[in-house]
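>>> Sequence first, predicted model second:
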Amino acid sequence: MLSKIKQCETVYQNKGFEFLFQVMPHEKKLDILLQASNYQKINLTRWMELCLVEKPEDPSCSTVIFHSKNDWLKHRQLIGDYSQKEAKIYQVFYQSIYVKKYPLSLSIDGIPISCGLGLQTNRFMGIFDVRTRMAYQRKGYAQLLVQKMIRKAYENGVNHVQLHVDIKNDTAIQLYQGLGFRKICDYWFRKKET
């Protein structure tokens, strides 16, 4: 296994990437070898799932406007306060996704508040990149957004939803648990210390 790690490091180095490995909890031997090779544990992450057995409620709210597709990339940049360079990189990434997309943002009085991205493959959807402007956090907007995304996906045949969340983000974990998500497992990354 150590030779495979070295092989990966060579590939990463040739591509100009950082030395980074995702480690699942059952990969104990890999984790021990990476730790012995000066890789530090970072980014503890919880993997969660939701099985849909009935049609989710429609989270319509009279003060909120939901946007999809056309304004989503612009709203994501505003909500995340990304530079033009970061926004262009993400745009290329976004345009290269060929599965069914659920780009959704939420605004109040014309101000983008929260956004996220769902990606559907067959009857499965992954939720990614849920963000809410700092001044509007902990007011239920991310919950409305995720509920709307799940509802739209359900209407297109999705019955299983998964996401990944930073294990230190108790607020997000509580939000997802409140929506019925359950823990699959916790995992982490190991990054080479230089």
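Perfect, thanks for sending it.
>>> For the protein, which segments count as helices?
2-15, 28-36, 72-80, 84-95, 141-155, 170-178 (DSSP state H).
>>> To Gln162, which of these lies closest?
Comparison of these against Gln162 by Cβ to Cβ identifies helix 170-178 as nearest, at 10.5 Å. All C-beta spots, glycine's among them, are computed from the backbone N, C-alpha and C.
>>> follow-up on the earlier one: out of the helices of the chain, flag the one nearest Trp188.
Nearest of the helices of the chain (Cβ to Cβ): helix 28-36, 8.3 Å.
>>> What count of nearby residues applies to Val158?
Residues near Val158, counting by other Cβ atoms under 10 Å, number 23.
>>> For the longest strand along the chain, list the C-alpha coordinates in PDB.
In the chain, with assignment by DSSP state E, the single longest strand is strand 39-51. Extracted as PDB, the C-alpha positions of strand 39-51 are listed here (Å, rounded to 0.1, in the frame of the first residue of the first chain):
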ATOM      1  CA  TYR A  39       0.100  13.400   6.600                       C
ATOM      2  CA  GLN A  40      -2.000  15.500   9.000                       C
ATOM      3  CA  LYS A  41      -5.700  14.800   9.600                       C
ATOM      4  CA  ILE A  42      -7.900  17.600   8.300                       C
ATOM      5  CA  ASN A  43     -11.500  18.400   7.300                       C
ATOM      6  CA  LEU A  44     -13.500  15.900   9.400                       C
ATOM      7  CA  THR A  45     -16.700  15.400   7.400                       C
ATOM      8  CA  ARG A  46     -20.100  13.800   8.000                       C
ATOM      9  CA  TRP A  47     -21.800  11.900   5.100                       C
ATOM     10  CA  MET A  48     -25.600  12.000   5.500                       C
ATOM     11  CA  GLU A  49     -28.500  10.500   3.600                       C
ATOM     12  CA  LEU A  50     -32.300  11.000   3.400                       C
ATOM     13  CA  CYS A  51     -34.600   8.300   2.000                       C
END
